[in-house]
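A.B. asks: Return atomic coordinates for the entry below.
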Amino acid sequence: MAATCLAAAPPAAAAPSLLHVGDSLAVGSDPPLRQLLPGWSVTTDALKNRPTAAGVAIIDSRPSLPGALVVELGTNDSPDQSAQFAAYVRHVLQVAGPNRCVVWVNIHRPPYNGVSYAGFNRALDQIAATSSNLAVVDWNGMVKSGQATVAGDGVHATPEGYQSRAEAIAQALQGCSSQRSPSGSHTITPAKKAHRPSATPTPKAVPKPAEKSKPIKVYTPQPGTSKPEIRRTASHGGGSSIWPFLIGALAVLALGAGGYALARRRRAT
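C.D. replies: Purely as a prediction, here's the structure:
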């Protein structure tokens, strides 16, 4: 009997994993996000009215972290605490480590007690500029440019808005997973060109200084073009006008009517 050799099946690649932590906005964006990431293993811990401190504590309490983090926190914090918020963001990055992608959605909501959330968004931008594994989803820019919609409270998204929010988050995650450099940092590196041998030696070019890698550019909405202003052609001031002609014509008609009436009176007498 001939022996049958069975080749061992190669081990299946592990599905990319994700921890999704946030507040009520995360509650709304989680269902469409899962649909956009069918091959991912997603663990979500989202709760209404959750401040950043509580969300960061959840991340700290986990014995191990998956390959990526999505954080939707900051909307329930007091906007005058931007320094504390920045400290939370840096802490999450430290816990995540340089080889794990962290996607953080910035803040859009009306001012609270007269203070806007621009300081929170500015802190995220500044930290992302120096952190290769932090990708910021510009939710505030999306809403302001009309590329996403929010409900009447100015905070929570409409169903279409949550879909747009989830798409931007998925875009950030895909960028993190597909643009890893060999060192594990989440930066976009230029593609290497293949060198073909040349028959005649060419002089070596002077090497240019190495360019610094740039953090992932997640979502930069373009401002919508404004509608052209409709200008009316009515003339004012020194332009030509039909009014003098009309006034003169009316005066002539009035004089004519007066002369006609006087003539009739003379005939009657």
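A.B. asks: all helices for the stretch 101-250 of the chain, in order.
C.D. replies: Using DSSP state H, counting those that start in this stretch, the helices of the stretch 101-250 of the chain run over residues 118-130, 139-144, 159-178, 243-268.
A.B. asks: Can you list the buried residues in the first one?
C.D. replies: Neighbour-count burial for helix 118-130, with 16 or more other CB atoms under 10 Å as criterion, is recorded at 119-121, 123-124, 127-128. Where you see a C-beta, it was placed from the backbone N, CA and C, and this is true even at glycine.
A.B. asks: Report the mean confidence score over that helix.
C.D. replies: Averaged across helix 118-130, the pLDDT comes to 96.
A.B. asks: next one: the second one
C.D. replies: When pLDDT is averaged over helix 139-144, the result is 96.
A.B. asks: Now the nearest residue to Ala53 once chain neighbours are set aside: phi and psi?
C.D. replies: With CB to CB, 6 or more residues apart in numbering as the criterion, Ala53 has its nearest non-adjacent residue at 7.0 Å, and that residue is Tyr88. Tyr88 adopts backbone torsions of phi -60, psi -40, taken as degrees, to the nearest 10.
A.B. asks: contacting residues for Tyr88?
C.D. replies: Taking CB atoms under 8 Å, 6 or more residues apart in numbering, we find Tyr88 in contact with 52-53, 56, 73.
A.B. asks: Next: Cys101.
C.D. replies: When contacts are taken as CB under 8 Å, 6+ apart, Cys101 is in contact with 67-69, 133, 135, 172-173, 176-177, 186.
A.B. asks: Least confident of the helices of the stretch 101-250 of the chain, on average?
C.D. replies: Note on these: lowest mean pLDDT is at helix 243-268, with a mean of 50.
A.B. asks: Strands of the stretch 51-200 of the chain, residue ranges please.
C.D. replies: 68-72, 101-105, 134-137, 187-188 (DSSP state E, counting those that start in this stretch).
A.B. asks: which non-adjacent residue is nearest Leu124?
C.D. replies: Excluding its sequence neighbours, the residue lying closest to Leu124 (CB to CB, 6+ apart) is Val136, at 4.9 Å.
A.B. asks: how many neighbours does the one you found have?
C.D. replies: 25 (other CB atoms under 10 Å).
A.B. asks: how close does it sit to Leu37?
C.D. replies: Distance, Val136 to Leu37, using CB to CB, to the nearest Å: 19 Å.
A.B. asks: now do Asp30
C.D. replies: Asp30 sits 11 Å away from Leu37, taking CB to CB as the criterion.
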